[in-house]
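**Q** Got a sequence here, can you model it:
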Amino acid sequence: MEYIRRSIEEKLLKSSETFKAVLLTGPRQVGKSTLLKKQFSDWKYVSLDDPFLEQQARENGSMFMMLNQPPLIIDEIQRAPELFRYIKLLCDETEEKGLFCLSGSQQFRLMQNISETLSGRISIVELSGLSLRELQKDSFQERFLPSMEYLLERQKTVKAPRNIWSIIHRGSYPELQNPEVDWSEFYSNYVRTYIERDVRELSAVQDLDAFRRFMIATAARTGEILNYSNIASEVGKDVVTIKNWISILEASGIVYLLEPYSSNVLKRAIKTPKLYFRDTGLACYLTRWLTEEALAYGAFSGHIFETFVISEILKSFSNKGLDYRYYVSYYRGRDKKRVKKNGEAIEVEGEIDLIIEENGTLYPIEIKQNPHVSADETSAFLVLDQLEDKKRGMGAIVCICSQPGILRENILQIPVWYI
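**A** Predicted coordinates:
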């Protein structure tokens, strides 16, 4: 299959020229090994997925490093944490940059080892699944921001996909971009491998059937406020176990927890995070939405579309080398507002699907799968005007409209492929 150029390549190369070591993190099967081999083709490559090399690295790290001199790529480095001390020693012996490229899919374990041994010596780069830009071979590199300046630059290269639901349903793993790869078989193998390897390594989970049920229950709640008790009741486990299992999904890059916006002024704001699957194809597989047509017209479409949009926005930040955790949040307040639904007036909680904060300005974003949207759907944005120390910037509704437009003086409509 043809190599798909990754947006993170520039950041990865720059990091290798600036730091002695680079760590490439990300979930399984997002293309870490392929990317490293492509960008550092003249470096020696070793993978600790090889049982012999893993044993050698764990039992005799000094000999392992002697046989594998830098510049060196070590894949699945979390399998031999004993190597970190030797990598530190080699980094401290020279001022030369670009000695090691490390990769791994268990972020929590990797961060723990790095904070103890390689702090200040290593650059951490996160690789996600393929973004829509990468799939469209779009060279645009800037992070998403709902502003006129962004839209004017974005429209120079943007390409509307023929079927956005096909892309959402197929998922973002590189291997799946080969049309000959069977979708169900890929995800079946992915889930089985993930549970049998990563889950058992990250935590002493004994009941693997219960963990499968937990993954299904979690996928069914993508795009929702996280309710541990609700999941625990459905799976038949206690809340402590569910919290531990959620942390496993988060540590291995399966889910992302979007934190609520924090401010003492917004006293009635809900403080619980929202849960999103990183890959929409995996969420569809687990919840048995087996075709793009069924997904597009089914009850799950709103949640999965929101999940896709959030994931794409996060990728636009991480591919630029920015830690999105410092930029994004959401808001939901207990204050009720009246809206019309199916011709009837009902009361709902005020919600802002996503808030991007940059330079003291808050950019509120609503996410709707509909092609026709209205500025009235952004009434919750007004709550941000209560914050005296922040400025409310341009807001937007991200949707499946055909073209960007202005709904109101400070509200844009933005097609999802403009992210």
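**Q** Residue 362 pairs with what?
**A** residue 357, residue 392 (DSSP bridges).
**Q** Would you enumerate the residues in contact with it?
**A** The neighbourhood of residue 362, defined by CB atoms under 8 Å, 6 or more residues apart in numbering, consists of 261, 355-356, 384, 387, 390-393. Placement of C-beta: from N, CA and C, glycine included.
**Q** Would you list the buried entries among those residues?
**A** Neighbour-count burial (16 or more other CB atoms under 10 Å) applied to the contacts of residue 362 gives 261, 355-356, 384, 387, 390, 392-393.
**Q** Surely residue 75 is in contact with residue 31?
**A** No - Residue 75 sits out of contact with residue 31 when judged by CB atoms under 8 Å, with a separation of 12.0 Å.
**Q** quick one: least confident helix or strand in this structure?
**A** helix 107-117 (a mean of 63; mean pLDDT, DSSP states H and E).
**Q** confidence score at the closest residue to residue 137 other than its chain neighbours?
**A** The shortest distance from residue 137 to any non-neighbouring residue, by CB to CB, 6 or more residues apart in numbering, is to residue 5 (7.2 Å). pLDDT recorded at residue 5 is 95.
**Q** Neighbours of residue 5, how many?
**A** Neighbour count for residue 5, taken as other CB atoms under 10 Å: 11.
**Q** ok, now the one 10 residues further on?
**A** The number of residues packed near residue 15 is 22, by other CB under 10 Å.
**Q** same question, the one 4 residues further on
**A** By the other CB under 10 Å criterion, the neighbourhood of residue 19 contains 20 residues.
**Q** backbone phi and psi for it, please?
**A** phi -110, psi 160 (degrees, to the nearest 10).
**Q** Packing partners of the helix or strand harbouring residue 310?
**A** According to DSSP states H and E, residue 310 maps onto helix 301-318. In terms of contacts (3 or more CB pairs under 8 Å, 6 or more residues apart in numbering; DSSP states H and E), helix 301-318 is packed against helix 164-170, strand 255-258, strand 274-277, helix 280-286, strand 328-341, strand 344-358, strand 361-367.
**Q** Can you name the element that comes right after the fourth one?
**A** In the C-terminal direction, the helix or strand that comes right after helix 280-286 (DSSP H and E) is helix 292-297.
**Q** Surely residue 305 and residue 222 touch.
**A** No - look at residue 305 against residue 222 with CB under 8 Å: they stay out of range, at 10.6 Å.
**Q** how about the helices and strands packed on helix 301-318, which one is nearest residue 402?
**A** helix 164-170 (11.6 Å; CB to CB).
**Q** which residues sit in contact with the most centrally placed residue in the chain?
**A** Nearest residue to the geometric centre of the chain (CA atoms, centre = their mean): residue 278, 4.7 Å. With contact set as CB under 8 Å, 6+ apart, residue 278 has these partners: 27, 128-129, 253-256, 311.
**Q** Among these, which one sits closest to residue 168?
**A** residue 311 (9.7 Å).
**Q** wait, that closest one sits on residue 282?
**A** No - using CB under 8 Å, residue 311 is not in contact with residue 282, being 11.1 Å away.
**Q** measure the closest residue in space to residue 355 that isn't next to it in sequence to residue 124 for me?
**A** Of all residues not flanking residue 355 in the chain, residue 329 sits nearest, at 5.0 Å (CB to CB, 6+ apart). Look at residue 329 and residue 124: by CB to CB, to the nearest Å, they are 22 Å apart.
**Q** what do you get for residue 326?
**A** 14 Å.
**Q** Which residue comes closest to residue 250 once chain neighbours are left out?
**A** Per CB to CB, 6+ apart, closest to residue 250 is residue 257, 6.1 Å.
**Q** Specify the beta-bridge partners of the one you found.
**A** Beta-bridge partners of residue 257, as defined by DSSP bridges: residue 275.
**Q** Please pick the buried ones from the contacts of residue 278.
**A** 27, 128-129, 253-256, 311.
**Q** Looking at these, which one is closest to residue 294?
**A** So of these, ranked by how close each gets to residue 294 (CB to CB), first place is residue 311, at 20.6 Å.
**Q** who touches the closest one in this structure?
**A** 128-129, 172, 256, 276-280.
**Q** roughly how far is stretch 215-228 from the heart of the chain?
**A** 16 Å (CA atoms, centre = their mean, to the nearest Å).
**Q** gap between the two ends of it?
**A** 13 Å (CA to CA, to the nearest Å).
**Q** Show me the shaky parts of the stretch 51-200 of the chain.
**A** 106-113, 115-116 (pLDDT under 70).
**Q** thinking again about what came up before, could you dump the buried ones among the contacts of residue 362 into TSV and include pLDDT and distance to residue 289?
**A** Formatted as TSV, the buried ones among the contacts of residue 362 follow (pLDDT from 0 to 100; distance: CB to CB, whole Å):
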residue	pLDDT	distance to residue 289
261	93	31
355	98	29
356	98	29
384	93	34
387	91	39
390	93	39
392	96	36
393	97	35
